[in-house]
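1. Have a look at this prediction, sequence included:
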Amino acid sequence: MRVINIYKILHIRYLILVAVLCSTGVQSQTLNDYLSMATQNNPEIQSAYKTFEAALEKAPQVSSLPDPSLTMSAFGRMIETRLGTQEARFSFMQMFPWFGTLEAKKSAANLMAEATFQKYLDSKNEVFLMIKKSYAEIYELNRMVQIEERNLEILDNYRELALSKFKSGKGAMVDVVRIDIKRNDSETKIQLLNEQNEPLQIEFNSLLNRDLNALINIPDALPLVDVTSLLESDSLFVSNPKLLGLDKMIASYEAQKKIVKNEGLPMIGLGLDYSIISKRDVPGLEMNGQDAIMPMLSVTLPIFRKKYKAKQNEVAFMLEATTYDKQAVKNKLQTMYSMANYKFSKANTLNALYKKQTESTQQAISLLIAAYSNSGINFEEILRMNQDLLMLQTATVLETKNQFVAQSTIDYLIANQQ
């Protein structure tokens, strides 16, 4: 019996140790840890990176010479020549594009690969922004639950006070009933908030591409920084991957203009023709049976110009379209940046106001409670002021979340990411 008890004690200690270790692991995870996890696991980020890796393989393809051609001929009926019978013939030919064409193709492909890399960075930054927004939603939910639970404790204290006053004949039973109504409302809010936690948890863990039920460590405060100073408009989006990617695409199309021009010029082919000659049965014949070697030069004649003209127009139109895309993206980024700055400033101002109002409201409640303890009147005013305090606390949490989301949006726009 004693041995069994020892085993039970050891088992319990083991479970406690595992729980502590797991808890420590969760508590040690920060927002940056989650962003790093998303970089490794998020399928959208991984897909964008694999697309970039695929784009890197384009340059070796387009910058290589065309495959040479080798022709072998065997004659069923030998062809007689002065030096002997021609038995077989081998022809080798290598075509060379116009000077600078292959280098231009390689440059255009590399520039397009760099544009693809910027798309990967933008995809990663977009996922980071979604993670931060989801993180802020969970923070808001947890803080709302904490506020409502704290409000329940306060209401319980008020209930004891009101009940005590009623028993002493200095208060009314209706005060207790009012508190019960507020308590029921607060308990229902807590229940609904807790039910909302599961979809938010699933959304966050889905972005990390991990177990949907994995625990999430949410701190008591969001990491906020001061972004009140506006950047110069000329240097606002110099690091934004969307614009950098479009710049690379424009440079690639510029390189393609040279490619199209060169493709309209002749290709030059250098080759060699080798014929196997058998010896003739002729004594003293000079060069009897000597194989024939003949250098060859081939030139293509690009006389059908319509397709080259169409290619030039295509590249010109794509270049113009990409230039318009860049201006449209820049305008959109500027609008988003201006709105995010406004939201950040608004949330900052409101939080400063709510802080002052919270302090004043708490002071007023303390005075009302002291007066009620003496006279037993104005209890309804205490509940009203407590409701005001609750609204201020929840509004502070909401604006803190809005401020963090605005800050995260600004970080995304100016590419200030991890």
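-> All right, it came through fine. Note that the coordinates shown come from a computational prediction; the quantities given were computed from them, not determined experimentally.
2. what's the closest non-adjacent residue to Ala74?
-> Counting by C-beta to C-beta, 6 or more residues apart in numbering, Ala74 lies nearest to Ala88, which is 4.9 Å off, once chain neighbours are set aside. Using the backbone N, CA and C atoms, a C-beta is placed for each residue, glycine as well.
3. oh sorry, the question was meant for Leu319
-> Using C-beta to C-beta, 6+ apart, the nearest residue to Leu319 is Tyr253, at 4.1 Å.
4. tell me which element the one you found falls in.
-> helix 241-263 (DSSP states H and E).
5. Give the buried residues for the next helix or strand along the chain from that helix.
-> The helix or strand immediately downstream of helix 241-263 is strand 268-278, counting by DSSP H and E. Buried positions in strand 268-278, judged by neighbour count with 16 or more other C-beta atoms under 10 Å: Gly269, Gly271, Ser275, Ile276, Ile277.
6. which among these gets closest to Phe52?
-> Gly269 (36.0 Å; C-beta to C-beta).
7. Kindly state the beta-bridge partners for that closest one.
-> Under DSSP bridges, the beta-bridge partners of Gly269 are Met95, Ser298.
8. Let me know the distance separating it from Ile293.
-> Taking C-beta to C-beta, to the nearest Å as the measure, Gly269 falls 17 Å from Ile293.
9. try Asp273
-> 7 Å.
10. wouldn't Ile131 be in contact with Leu208 here?
-> Yes - using C-beta atoms under 8 Å, Ile131 is in contact with Leu208, at 7.5 Å.
11. between these two, what contacts are shared?
-> Tyr34, Ala38 (C-beta atoms under 8 Å, 6 or more residues apart in numbering).
12. Give me the contacts around the helix holding Tyr253.
-> 97-101, 104-105, 107-109, 111-112, 114-119, 121-122, 125, 237, 302, 308, 311-312, 315-316, 318-319, 322-323, 325-326, 329-330, 333, 415.
13. Can you select the buried ones from these in ChimeraX?
-> Selection command for ChimeraX covering only the buried members of the contacts of helix 241-263, criterion 16+ other C-beta under 10 Å:
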select :97,98,101,104,105,107,108,109,111,112,114,115,116,117,118,119,121,122,125,237,311,312,315,319,322,326,329,330,333,415
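14. In strands, which of the contacts of helix 241-263 appear?
-> Per DSSP state E, strands hold no members of the contacts of helix 241-263.
15. mind listing which of the contacts of helix 241-263 are in helices?
-> Among the contacts of helix 241-263, the ones falling in helices (DSSP state H) are 101, 104-105, 107-109, 111-112, 114-119, 121-122, 125, 308, 311-312, 315-316, 318-319, 322-323, 325-326, 329-330, 333.
16. Would you mind listing the buried residues in stretch 54-66?
-> In stretch 54-66, counting by 16+ other C-beta under 10 Å, buried: Ala55, Lys58, Ala59, Val62, Ser63.
17. Name the helix or strand for the third one, please.
-> With elements taken from DSSP H and E, the one containing Ala59 is helix 58-62.
18. That helix - what's its average pLDDT?
-> Mean pLDDT, helix 58-62: 93.
19. And stretch 90-105, by the same measure?
-> 93.
20. Let's see that stretch as PDB, backbone CA atoms only.
-> Extracted as PDB, the C-alpha positions of stretch 90-105 are listed here (Å, rounded to 0.1, in the frame of the first residue of the first chain):
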ATOM      1  CA  PHE A  90      28.500  14.200 -91.000                       C
ATOM      2  CA  SER A  91      27.300  17.800 -90.600                       C
ATOM      3  CA  PHE A  92      27.600  19.800 -87.400                       C
ATOM      4  CA  MET A  93      26.100  23.300 -87.000                       C
ATOM      5  CA  GLN A  94      25.900  25.700 -84.100                       C
ATOM      6  CA  MET A  95      23.700  28.900 -84.300                       C
ATOM      7  CA  PHE A  96      24.700  32.100 -82.500                       C
ATOM      8  CA  PRO A  97      22.200  34.800 -81.700                       C
ATOM      9  CA  TRP A  98      23.100  38.400 -82.500                       C
ATOM     10  CA  PHE A  99      25.700  39.900 -80.200                       C
ATOM     11  CA  GLY A 100      24.400  40.800 -76.700                       C
ATOM     12  CA  THR A 101      21.200  38.900 -77.100                       C
ATOM     13  CA  LEU A 102      22.000  36.200 -74.600                       C
ATOM     14  CA  GLU A 103      23.300  38.700 -72.000                       C
ATOM     15  CA  ALA A 104      20.200  40.800 -72.400                       C
ATOM     16  CA  LYS A 105      18.000  37.700 -71.900                       C
END
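21. what does it rub up against?
-> Against stretch 90-105 from outside (C-beta under 8 Å, 6+ apart): 59, 62-66, 68-73, 255-256, 258-259, 262-263, 265-275, 296, 298, 300.
22. The spatially most central residue of the chain - nearest residue in space that isn't next to it in sequence?
-> Closest residue to the average C-alpha location of the chain: Lys124 at 2.3 Å, with C-alpha atoms, centre = their mean. Nearest residue to Lys124, sequence neighbours excluded (C-beta to C-beta, 6+ apart): Ile45, at 5.0 Å.
23. Who are the packing partners of the one helix or strand the one you found maps to?
-> Assessed by DSSP H and E, Ile45 sits inside helix 43-56. Packing partners of helix 43-56 (3 or more C-beta pairs under 8 Å, 6 or more residues apart in numbering; DSSP states H and E): helix 101-167.
24. give me the low-pLDDT residue ranges for this structure?
-> 1-28, 75-85, 226-235, 280-289, 417-418 (pLDDT under 70).
25. Got the domain ranges for it?
-> 29-64+99-265+305-413, 66-96+266-301 (automatic domain parsing).
26. Return the most buried member of those domains.
-> Of all the domains of the chain, domain 29-64+99-265+305-413 has the most neighbours on average by mean count of other C-beta atoms under 10 Å, namely a mean of 16.
27. Perfect, that will be all.
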